[in-house]
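**Q** Sequence plus the predicted model coming up.
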Amino acid sequence: MLPRRKERAMWADNETEVDLLGFDFLVDTLFVALTEPKLLPLTVGLLGDWGSGKSSLMRITRQELLKIRKDDQSPYLCVVFSPWQYEDYDDVKVALMTTVLDEVGTRASGDQQEQVSRLRRFTQSLGRWGRRGGRVAVSTAQTAAPLAMQALDPSIDPQVLDVTKAGMNAAATEATKLLEDPKAKSAASNSSTADPIADAGRFRAEFEKLVKTLDDVDAVVVFIDDLDRCLPETIVDTFEAIRLFLNTPKTAYVLAANQAVVESAIDSRYPQLRRPDGAGIGADYLEKMLQLKVAIPPLSAPEADTYVNLLLAELRLDAEQFAKVLAETGHRRAASNLQVAFNLGVATAVLDDVPPDLIRDMSWAASIAEVLGVGLRGNPRQLKRFLNNLLLKHRSADRRKITLDLPVLAKLMVLEEQHFSDFQRLFDWQLTAPGPIPELAAAESTATAATAGPEPESDEDKSRSGDTGTTDQPSRSRRSSTTGRGRRSMEEAPIADEALAWADKPHVRVWLRLDPPLGEIDLRPYFTYSRDKLTFGVAGTRLPPHLQEMLTKVQAEVDGVRRLACDAIAQLPDGERVQLVEHLVDAIARRSGGPAFVAALELAERAPDTLSAVCDALMRIPPQAVPIGRAGNAVLRLPADNPVVSVLLDRWENSDVPGLKGVITQAREAQRRSGRR
């Protein structure tokens, strides 16, 4: 099944018949429900987020049903349907009904085949009527009200009911005209001597009779996938086809969907049907349609760890080895799903020979799996895509003879995936570093020290300080840090201060503590392959190195670092200052809410010759994109008597952006009262 591969492979983003997620308990739930005759007819909602494993779960359940044998075939006739594949060029109701009839036809014989043919002719005619009439109801639409009406409570506004009834009556009238058309009747009968089927009730009765006569079929089970990818009309049409035509004894329907998406689609399909409190009917609609709900939970951190390890094992092991791993993982999951069921220790215990590549892969995966699982909300598809992206970058680098260490690349990608602004900060530092990033080394040192706690003082330290061990003297590490900070040069101080501020973020501290440490590694080759979304700062690489460094520091989040950089820029020769300001205002245009906004204001305050360029850049920003929390700084820092500044502030104050007008008005009024220029 899975031969040993010499080259790294990746994983297809498709459903699978192999349960790597430990969802056998959910398969059991579906299996028991679908094989219980007393529950039929049954409509089951398999509910979960995008990428949570719904398609795989349905496929595994279908395989379990087909394993049951009676007279050399399964008593369960399984039908697979995706409405998403039909919505652009076909009537979804017709497509679903035709798909079900085609599968039923494979078990029909004799008179049953004639019944299938008559039902098919009605379905084809329904499709023609739909194309001619533009999504009209069949002749019984007046009595078989839209499904949405079944979800409404008695408190619904009578006017809403009147509107809906009027629409139903219009649809029924149009359908009647089409049914009375001689050409339509001829098409429906298709020269058959049997009476043509002319309405939904007749179709449903004939379909029920047909399914009941299939003695070797215990149930027709229809698996409907991709519902949450569809347009609102397609979603509603799918439900209508089940309810009006196909919902008969010995049938079951499993619909995989994101519940919130489907509810929203139903609300938008019936905007006039709302409760007095303004809420839509989507939730009630699903309650009426779904007799059973099976919710897929997100993976816990241990489950995500197990899943990632199994994916890696799938690449590295042959069929026999992987089968052993799956069997052992299944036993451990049965005992507890709250612990890691497969890791390197389990692999060593189960396998006689663990491939070195798998040992290496599982080692680096162990350091990031927990953080990655939490950051990607335990979503299997996102975890798989992350690993695919990781291996793709690694193999791309191999092709160009560039050596990238997978653990290093993976750690960088975790930061990029989960906290892009912090990844951006790291990249900005790298632009000014000829090798390892000093700020990153300082941040790692801070995070490591915080984890280890204060070191005990030596006797020598105690004697120097006169400490007897009973007073609250600071630890050696803290004193050393304080002393070191006092001795730092002006150039080192900004680096340490900014690194401390960055490392003080809880999620950054967690990331910094992951293996491997990166402070002593030249990350420039890695950023070549791990900067998918970086758009800001790249243009700055055209600047001379010392201006690149200033451009990075002037956008620091630490006020002291930024202000020192502004002072230094103000002292630059005119030509260099113009170059730097051009890149700074370009940064504002790319990301108006970033640190460049405040940096530009402070620079304009310190270097008046940059004022015009800064205001021009701010004028090009739509008022909707102006960071309201920082807009007041423009009033405080820019000269109010300058015509360019007045035009800029008037534009913001006269905008209709909620909050922006008030901030500017209040700041200008405060400025006038204080008598500031």
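**A** Okay, I see it.
**Q** What does the pLDDT read for Val92?
**A** What the model reports for Val92 is a pLDDT of 85.
**Q** what's the answer for the one 4 residues further on, then?
**A** On the pLDDT scale, Leu96 is placed at 89.
**Q** do the same with Pro158
**A** pLDDT, Pro158: 45.
**Q** Val221 against Pro75, yeah?
**A** No - checked against CB atoms under 8 Å, the pair Val221 and Pro75 is beyond contact range at 10.5 Å. From N, CA and C alone the C-beta is placed, and that goes for glycine too.
**Q** neighbour count winner among the two?
**A** A count of neighbours by other CB atoms under 10 Å puts Val221 above the other of Val221 and Pro75, at 29 against 17.
**Q** List the contacts of the more buried one.
**A** Counting by CB atoms under 8 Å, 6 or more residues apart in numbering, Val221 touches 34, 62, 65, 76-79, 251-254.
**Q** Format those as CSV; extra columns: distance to Pro608.
**A** Shown next, in CSV, are the contacts of Val221 (distance: CB to CB, whole Å):
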residue, distance to Pro608
Leu34, 76
Arg62, 73
Leu65, 78
Tyr76, 81
Leu77, 81
Cys78, 76
Val79, 75
Thr251, 79
Ala252, 76
Tyr253, 72
Val254, 70
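**Q** part of a helix, is Leu77?
**A** No - counting by DSSP: H, G, I helix; E, B strand; the rest coil, Leu77 falls outside a helix, being strand.
**Q** that older thread, ok, which pair from the contacts of Val221 is furthest apart?
**A** Longest distance between any two of the contacts of Val221 is 15.1 Å, between Arg62 and Thr251; criterion CB to CB.
**Q** From Tyr86, how far off is Asp237?
**A** 10 Å (CB to CB, to the nearest Å).
**Q** Select from the contacts of Val221 the one having the most neighbours.
**A** The contacts of Val221, ranked by neighbours (other CB under 10 Å): first place Tyr253, 29 neighbours.
**Q** Okay, and the beta partners of that residue?
**A** Beta-bridge partners for Tyr253, by DSSP bridges, are Thr43, Val222.
**Q** which residue ranges form the helices in the stretch 451-600 of the chain?
**A** For the stretch 451-600 of the chain, the helices defined by DSSP state H, counting those that start in this stretch occupy 459-465, 476-487, 492-503, 506-512, 524-529, 545-554, 559-570, 574-590, 595-606.
**Q** send the alpha carbons of stretch 564-573 over as PDB?
**A** What follows is stretch 564-573 as a C-alpha-only set of coordinates in PDB (Å, rounded to 0.1, in the frame of the first residue of the first chain):
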ATOM      1  CA  LEU A 564      16.700  58.000  18.600                       C
ATOM      2  CA  ALA A 565      16.400  56.800  15.000                       C
ATOM      3  CA  CYS A 566      14.300  59.900  14.100                       C
ATOM      4  CA  ASP A 567      17.000  62.200  15.600                       C
ATOM      5  CA  ALA A 568      19.700  60.400  13.600                       C
ATOM      6  CA  ILE A 569      17.700  60.700  10.400                       C
ATOM      7  CA  ALA A 570      17.200  64.400  10.900                       C
ATOM      8  CA  GLN A 571      21.000  64.700  10.900                       C
ATOM      9  CA  LEU A 572      21.500  62.900   7.600                       C
ATOM     10  CA  PRO A 573      22.600  64.700   4.500                       C
END
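**Q** Can you report phi and psi for Lys293?
**A** Note on Lys293: its backbone torsions stand at phi -120, psi 130 [degrees, to the nearest 10].
**Q** can you list the weak-confidence ranges in the stretch 451-600 of the chain?
**A** By pLDDT under 70, the low-scoring segments of the stretch 451-600 of the chain are 451-496, 530-543, 557, 589-593.
**Q** Please apply the same query to the stretch 51-200 of the chain.
**A** 88-90, 126-198.
**Q** Tell me which of the helices of the stretch 451-600 of the chain sits most buried.
**A** A comparison of the helices of the stretch 451-600 of the chain by mean neighbour count, using mean count of other CB atoms under 10 Å, puts helix 595-606 on top with a mean of 22.
**Q** What lies in contact with that helix?
**A** Here helix 595-606 makes contact (CB under 8 Å, 6+ apart) with 554-557, 562-563, 565-567, 569-570, 581, 584-585, 587-588, 610-611, 614-615, 617-618, 627, 630, 633-634, 637-638.
**Q** what's the closest of the helices of the stretch 451-600 of the chain to Asp226?
**A** Nearest of the helices of the stretch 451-600 of the chain to Asp226, taken as CB to CB: helix 524-529 at 32.7 Å.
**Q** Show me what that closest one packs onto, helices and strands only.
**A** helix 380-399, helix 406-418, helix 420-431 (3 or more CB pairs under 8 Å, 6 or more residues apart in numbering; DSSP states H and E).
**Q** Take those and write them to TSV, including mean neighbour count.
**A** Formatted as TSV, the helices and strands packed on helix 524-529 follow (neighbours: other CB atoms under 10 Å):
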stretch	mean neighbour count
helix 380-399	18
helix 406-418	21
helix 420-431	20
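**Q** want to try CSV for those helices, with mean pLDDT and distance to Val598 as columns?
**A** Below are the helices and strands packed on helix 524-529 laid out as CSV (pLDDT from 0 to 100; distance: least, CB to CB, whole Å):
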stretch, mean pLDDT, distance to Val598
helix 380-399, 84, 34
helix 406-418, 85, 24
helix 420-431, 81, 15
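**Q** Would you convert those helices into JSON lines that also reports distance to Lys209?
**A** Formatted as JSON lines, the helices and strands packed on helix 524-529 follow (distance: least, CB to CB, whole Å):
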{"stretch": "helix 380-399", "distance to Lys209": "42"}
{"stretch": "helix 406-418", "distance to Lys209": "55"}
{"stretch": "helix 420-431", "distance to Lys209": "60"}
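**Q** Alright, I will stop here.
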